[in-house]
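A.B. asks: Requesting a structural model of the entry that follows:
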Amino acid sequence: MSSTVTELIVPAREARFVTVRAGQLLEVVDLEGRQVGDLVAYRSEDPGECFSPAHTCTCLMKLIPAVGDALWSNRRTELMRVVLDDVGRHDFVVPCCDRARYEVGLGVPDHDGCLEQLQRALADFGGGGWDLRSELAANIFMNNAFLPDGRIETSAPEHGPGARWRVEVLVDLVVGLSACPQDLTPVNAFEPTSMGIRTWMP
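C.D. replies: Here you go, the predicted structure:
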């Protein structure tokens with residue numbers, strides 16, 4: 001790694017945003033292991049264009065992007081390309097958690113989710129015009145299995161500390177990462193922990 005531009009910690013149950021430029025590398029790091037990070041991204045020049053997990057799955061015709069695959073926008077623009085993946089288990093189908101998920105699905109009111117964490121972080125970042133919706137986040141390192149009968153099964157992540165997921169940035173972006181606060185299901189092995197974001201010019 002050379003010419004580090006940004007290296008920051010995303011504390012457990014919080015989120016952070018960074019600006020990245022075309023040509024840079026962006027890396028999501030699980031600092032303590034068995035943690036999921038929810039990632040969103042928006043074009044710097046046009047916040048109406050954003051990373052779309054659903055469009056990515058359709059463009060690739062696969063559920064989980066692999067090394068060499070592009071990540072696509074809601075306007076079918078290639079925004080990023082995966083260049084390193086220590087885990088290979090992610091979820092691009094299930095929306096990130098939000099308060100309604102905890103209240104409706106789990107019977108727990110007033111429990112913040114990744115969406116609320118990202119909303120607070122975006123306000124602190126000074127962003128405006130971005131459409132933050134739960135279905136626009138990809139669940140990096142989430143250990144979901146899609147079963148033959150159509151059900152989705154969530155298991156605790158198995159990766160350890162230092163696991164990395166790295167992309168090449170293809171256009172200027174604003175990227176947000178939430179250290180998922182889910183503590184009621186196996187998503188983060190019932191104990192949310194911190195994550196890291198690194199960006200640099202190779």
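A.B. asks: so how far is Glu14 from the nearest residue to Gln35 once chain neighbours are set aside?
C.D. replies: In this structure, Gln35 finds its nearest non-sequential neighbour in Thr193, 4.8 Å apart by C-beta to C-beta, 6 or more residues apart in numbering. Any C-beta I mention is one placed from the backbone N, CA and C, and that applies to glycine too. Between Thr193 and Glu14 the computed distance is 11 Å (C-beta to C-beta, to the nearest Å).
A.B. asks: just Arg198 next, same as before
C.D. replies: The separation that Arg198 has from Glu14, given C-beta to C-beta, amounts to 17 Å.
A.B. asks: Measure how buried Pro53 is and give me the count.
C.D. replies: Residues within reach of Pro53, counting by other C-beta atoms under 10 Å, total 25.
A.B. asks: How far away from the center of its chain is stretch 64-82?
C.D. replies: 13 Å (C-alpha atoms, centre = their mean, to the nearest Å).
A.B. asks: got the contact list for it?
C.D. replies: Stretch 64-82 has contacts (C-beta atoms under 8 Å, 6 or more residues apart in numbering) with 26, 41, 43, 49-52, 55-56, 59-60, 62, 83-85, 88-92, 138, 165-171, 173.
A.B. asks: Tell me the buried residues in that stretch?
C.D. replies: For stretch 64-82, the neighbour count (16 or more other C-beta atoms under 10 Å) marks Ile64, Pro65, Asp69, Ala70, Leu71, Trp72, Ser73, Thr77, Leu79, Met80, Arg81, Val82 as buried.
A.B. asks: report the longest helix in the chain, please.
C.D. replies: helix 114-125 (DSSP state H).
A.B. asks: which helices and strands does that helix pack with?
C.D. replies: Where contact means 3 or more C-beta pairs under 8 Å, 6 or more residues apart in numbering; DSSP states H and E, helix 114-125 is packed against strand 15-20, strand 37-43, strand 173-179.
A.B. asks: Select, out of the ones you listed, the one closest to Ser155.
C.D. replies: Closest to Ser155 of these, according to C-beta to C-beta: strand 37-43, at 17.0 Å.
A.B. asks: Next, the angle from that closest one to helix 114-125.
C.D. replies: Relative orientation of strand 37-43 and helix 114-125, computed by axes from the mean of the first three to the mean of the last three C-alpha atoms, to 10 degrees: 50 degrees.
A.B. asks: how about strand 37-43: buried residues?
C.D. replies: So, applying 16+ other C-beta under 10 Å, buried residues of strand 37-43: Gly37, Asp38, Leu39, Val40, Ala41, Tyr42, Arg43.
A.B. asks: And it, what does it pack against?
C.D. replies: Helices and strands touching strand 37-43, by 3+ C-beta pairs under 8 Å, 6+ apart, are strand 25-30, strand 46-50, strand 78-85, helix 114-125, strand 138-140, strand 173-179.
A.B. asks: The same query, at a cut-off of 6 Å, please.
C.D. replies: strand 138-140, strand 173-179 (3 or more C-beta pairs under 6 Å, 6 or more residues apart in numbering; DSSP states H and E).
A.B. asks: which neighbours does the last one have in its sheet, and in what orientation?
C.D. replies: Strand 173-179 pairs in its sheet with strand 15-20 (antiparallel), strand 37-43 (antiparallel), by DSSP bridges.
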